[in-house]
Every structure is written in C-alpha cells, then in structure tokens.
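Asker: only geometry, no sequence info:
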Ligand SMILES: O=c1ccn([C@@H]2O[C@H](COP(=O)(O)OP(=O)(O)O[C@H]3O[C@H](CO)[C@@H](O)[C@H](O)[C@H]3O)[C@@H](O)[C@H]2O)c(=O)[nH]1
Ligand SMILES: O=C(O)[C@H](O)COP(=O)(O)O
C-alpha cells in the first residue's frame, strides 16, 4: 500500500480561492465543461444548474459550459434544466449511430461528444446538501499540477432515515460494503481514496477519451481503477468538499449497483462474464416474504471515445 499517496494527493477545496483558479485557468489556457447526468431529477436539477451558473459562470468565468445530459427521464428534467440555463441534450440523441444504452455511465460517455472543455467535471443532479465548491474545488489540482489527471471529491455522507427524523454519517453503503473492500483486495494503492464512488469528479478529456466506460453505475470505479493502472496512482488526487446529502436509493437498488461494481472489478482482473447483463434475484419481505424479484443488470462497457470516430453529433429532433 502506498501510504504516502494520501499525504501527497489530498487537498481541501479552499486550498484554491476562486481568483487563484481563474488565474491558473487563464495562464494555462484550460477550458472546463461541467456535465450533470440526470435521470428524473426535475425536483433538484433546476436549483443546481442555476446556482452553478450564478456563481461559477456569471460571477466568475470559471466554467466554459454547463451541460445537462438527460438520461431517459420520464419527468420534466430536461425542460427544468433548460429553463434554468443549462445546455441540455438527451443521451439517446447524441451520436445515434453508436446506439442507445441506458444508465449514468452512458450519459457521461456520450457527454464527450457534445462538450469541448479540456477538463470535464461531473456533478450529480440529486444533491440536496452541497455547494458550488463541489465543482470549483475539483479543479485546483488539475489546473496546477500537470501530472494529475483525475480528481475525486470526498465528503461526509449523510444518511437520512425514512421519515427524516434521524440523520447519521453512515451513508455510502455500497462504498463501504463493496467498493472499499474490493479496492483493498485488488488495488490497495487506491485504498486512501476516501470516496471512490463519489459522483463529483473531474478528469482531463484526453484521458477520459482513452477509457472504456461502463454504461451504468460502474463508471466511477472503472475510471478510478483504469486511471491508476494506466497513469499510476499519483495521477489521482482527492479534494475534501465537506458534507453531502443526496436522495437515497432503495437497498435493492443498491444491490444491483453493487453487482455492476463487481462486474467492473472482475473484468479488470481477467474475469469475463461473456454477457451484456446478469440477472439478479432478490426477495420481497413482509406479507410478500420470499416472493422473487428479478432484475436484469447491464454490465456493458462503451469503448474508449477515441476509437469511435467523428460522426454527426446530434440526432433526433432536439
Ligand atoms: O440511469 C441513470 C441513473 C442515474 N443518473 C444520474 O446519476 C446521478 C447519480 O445517480 P444516483 O442514482 O443518485 O446514484 P447514487 O445512489 O447516489 O450512487 C452513488 O454511487 C454511484 C456508483 O458509483 C455513482 O455513480 C453516483 O454518482 C453516486 O452518487 C444522478 O444525477 C442521477 O440522476 C443518470 O443520469 N442515469
Ligand atoms: O456511494 C454509495 O455507496 C451509494 O451512493 C449509496 O449511498 P447511500 O448509502 O448514502 O444511499
């Protein structure tokens, strides 16, 4: 284990005041795209977009574009995000020649074809406790250290219990039960990463374009591990962003997410499942105890964007 990685590569968001970030961005001529993947986030996405635009585009010109990728939403996510001022693309309409897949990773992979920043920063659309330093804080290491290619955010993870009467900092259940043990066993050099699954991270475009990208929730683990394997652990840095609260998925939903992460880990240790999806069997409780609940979990990965050529970027009517 590389214990010193934590010392060398851990920062705080206030290590770089906004004026310093702007100066670094100007001096290096680095452009930055913010991408927000969103599926059925009409309740939160508008507030997130407008706050980011007000503080990181209008007040200080840190971001060159703010793009929401609408990931097959069935609510008003796209309209709300557009009304708040974001550029909005439906994932399914981007590079239709490459086919359509579902999932968060798909939205992020497709974002490469409709953005132009040298650095791409990602922010989840379901945040309820957060600040715009979640975006600016990620940029300091990338703008100041040419050797750093991927920056992960970390924070205390609030876990709200149903009813909202009690809160703890035991959120991040898949992180603690699957991602961290997997990393400890297979890639211990990464064990100093506080939130390996954080949805808030930034990457150099040229690296992201070289990586294979799982279409679902495996994207974070895959990008972290692949950056380490390809560029070395010092290409990864992390930034303390304080505290974060988001909308929680059901426990069974997290079970499916866990399977996606295990598939990512298997593939990177030479285990191929030879299939695009796996069936997960889960079981109901209470009056329906023992009733089988089956779902298909996609474990497909998209190839590196650099390998798929340049075609018409947008299809559809939008
Ligand atoms: O098909 C999908 C599913 C989700 N999302 C968006 O992705 C973000 C995160 O999704 P969410 O379902 O809230 O994930 P979490 O349960 O919060 O999962 C955590 O762990 C995942 C696995 O590493 C990461 O992908 C997430 O960013 C991280 O927040 C949100 O903006 C979603 O709207 C999509 O764009 N498409
Ligand atoms: O990162 C995780 O482990 C998942 O997002 C689950 O988080 P939660 O336990 O806070 O819902």
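Answerer: That came through, no problem. Worth saying up front: this structure is predicted, and the values here are computed from it rather than measured. Ligands and ions are numbered 1, 2, ... in the order given.
Asker: Please, where are all the helices along this protein?
Answerer: For the chain, the helices defined by DSSP state H cover 4-9, 18-28, 42-53, 77-83, 104-111, 133-144, 173-174, 180-186, 205-208, 219-231, 251-267.
Asker: Just list what the fourth one packs against, helices and strands only.
Answerer: The one in question is helix 77-83. strand 32-38, helix 42-53, strand 65-70, strand 87-90 (3 or more CB pairs under 8 Å, 6 or more residues apart in numbering; DSSP states H and E). Yep, even glycine has a C-beta here, placed from its N, CA and C like the rest.
Asker: before we move on, what about the last one?
Answerer: Using 3+ CB pairs under 8 Å, 6+ apart as the contact criterion, the elements in contact with helix 251-267 are helix 173-174, helix 180-186, strand 213-214, helix 219-231, strand 277-283, strand 292-298.
Asker: Make CSV out of the helices and strands packed on helix 77-83 and add mean pLDDT, distance to ligand 2 and mean neighbour count.
Answerer: Conversion of those to CSV gives the following (pLDDT from 0 to 100; distance: least, CB to the nearest ligand atom, whole Å; neighbours: other CB atoms under 10 Å):
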stretch, mean pLDDT, distance to ligand 2, mean neighbour count
strand 32-38, 98, 14, 27
helix 42-53, 98, 15, 20
strand 65-70, 98, 19, 26
strand 87-90, 98, 24, 21
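Asker: Can you pull the phi/psi pair for the single nearest residue of the chain relative to ligand 1?
Answerer: Taking CB to the nearest ligand atom, ligand 1 has its nearest neighbour within the chain at residue 199, 2.4 Å off. Note on residue 199: its backbone torsions stand at phi -80, psi 0 [degrees, to the nearest 10].
Asker: What is the burial count for it?
Answerer: Residue 199 sits with 23 neighbouring residues when counted by other CB atoms under 10 Å.
Asker: show me what contacts it?
Answerer: Counting by CB atoms under 8 Å, 6 or more residues apart in numbering, residue 199 touches 122-124, 220.
Asker: Go through the helices of the chain and pick out the most buried.
Answerer: Mean neighbours per residue, mean count of other CB atoms under 10 Å, is largest over the helices of the chain for helix 104-111, with a mean of 27.
Asker: Let me see the residues that make contact with it.
Answerer: 33, 35, 37-39, 67, 69-71, 89, 91, 94-95, 100, 120, 122, 213-219, 222, 302, 305.
Asker: quick one: that helix near ligand 1?
Answerer: Yes. Using CB under 6 Å from any ligand atom, we find that helix 104-111 touches ligand 1 at 104, 107.
Asker: Just send the helices and strands packed on helix 77-83 back as a markdown table, with distance to residue 115 too.
Answerer: Shown next, in a markdown table, are the helices and strands packed on helix 77-83 (distance: least, CB to CB, whole Å):
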| stretch | distance to residue 115 |
| --- | --- |
| strand 32-38 | 4 |
| helix 42-53 | 15 |
| strand 65-70 | 6 |
| strand 87-90 | 9 |
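Asker: OK, contacts around the residue of the stretch 1-150 of the chain found nearest ligand 2?
Answerer: Relative to ligand 2, the nearest point of the stretch 1-150 of the chain is residue 124 (9.1 Å; CB to the nearest ligand atom). By CB under 8 Å, 6+ apart, residue 124 lies in contact with 36-37, 199-200, 246.
Asker: please redo it, this time with the cut-off set to 6 Å
Answerer: The contact partners of residue 124, taken as CB atoms under 6 Å, 6 or more residues apart in numbering, are residue 199.
Asker: roughly how far apart are residue 147 and residue 204?
Answerer: 11 Å (CB to CB, to the nearest Å).
Asker: Residue 209 contacts residue 305, doesn't it?
Answerer: Yes. Counting by CB atoms under 6 Å, residue 209 does reach residue 305; the two are 4.3 Å apart.
Asker: Any idea how far stretch 71-90 is from the middle of the chain?
Answerer: Relative to the centre of its chain, stretch 71-90 is centred 18 Å away, using CA atoms, centre = their mean, to the nearest Å.
Asker: So what touches it?
Answerer: By CB under 6 Å, 6+ apart, stretch 71-90 touches 37-42, 45-46, 49-50, 53, 66-70, 91, 102, 107, 114.
Asker: does that stretch come close to ligand 1?
Answerer: Yes. Using CB under 6 Å from any ligand atom, stretch 71-90 reaches ligand 1 at residue 71.
Asker: and the end-to-end length of that stretch?
Answerer: 6 Å (CA to CA, to the nearest Å).
Asker: do the same with stretch 58-73
Answerer: OK, stretch 58-73 end separation, CA to CA: 28 Å.
Asker: now stretch 266-278
Answerer: 13 Å.
Asker: Could you list the buried residues of that stretch?
Answerer: By neighbour count on 16 or more other CB atoms under 10 Å, the buried set for stretch 266-278 is 267-268, 278.
Asker: In TSV, list these along with pLDDT.
Answerer: Converted to TSV, the buried residues of stretch 266-278 look like this (pLDDT from 0 to 100):
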residue	pLDDT
267	98
268	98
278	96
